[in-house]
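Novice: fold the stuff below for me.
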Amino acid sequence: MILEMNPEKRARQKTVLKYLLWFLLFAALALLFYKCPFKMITGIDCPGCGLTRAFCCILLCDIPAAVQYHPLSPLIFAELFYLVYAQFVLGKKADRRFVAAGIFITALLMLAVWLCKIL
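Specialist: This is a model prediction of the structure:
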């Protein structure tokens, strides 16, 4: 129960909630006002185009719509969720090698998806 938690765990949960609320606010503002500079200059989508809308869809549990906006969005969301959960809820840092490998693989996949999209 929430009343039985130690102060350290409650502080971590408050921090997670604070970051989640800031993310939601940023995502809402980005959907309203932000335009991709890469697309404005080149006229083509950047490798990350659609991720903000896809993350909003994931938060609304609409995975098919998220995949339509960006095919890798569930994978990227799961990676970010794991990193935040490990850091703030479990109170431990993820293994740096695991994080580096995940970033590298995700970057390669994003590049492949982007090339398929523009070709």
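Novice: find me the pLDDT at residue 117, would you?
Specialist: In this model, residue 117 is scored at 89, pLDDT.
Novice: burial of it, as a residue count?
Specialist: Counted with other Cβ atoms under 10 Å, the burial measure for residue 117 works out to 14 neighbours. Where C-beta positions appear, they are placed from N, C-alpha and C, glycine not excepted.
Novice: what does residue 73 give?
Specialist: Per other Cβ under 10 Å, the neighbour tally for residue 73 reads 24.
Novice: could you do residue 14 as well?
Specialist: Residue 14 sits with 11 neighbouring residues when counted by other Cβ under 10 Å.
Novice: which element is encountered next along the chain beyond the helix or strand hosting it?
Specialist: Residue 14 belongs to helix 7-33 when elements are defined using DSSP states H and E. Beyond helix 7-33 on the C-terminal side, the first helix or strand identified by DSSP H and E is helix 37-42.
Novice: so which elements touch the helix or strand following that following helix?
Specialist: Counting by DSSP H and E, the element after helix 37-42 in chain order, helix or strand, is helix 51-59. Applying 3 or more Cβ pairs under 8 Å, 6 or more residues apart in numbering; DSSP states H and E, we find helix 51-59 packed against helix 7-33, helix 63-69, helix 73-84.
Novice: how far does stretch 19-28 sit from its chain's centre?
Specialist: Mean C-alpha position of stretch 19-28 versus that of the full chain (Cα atoms, centre = their mean, to the nearest Å) differs by 11 Å.
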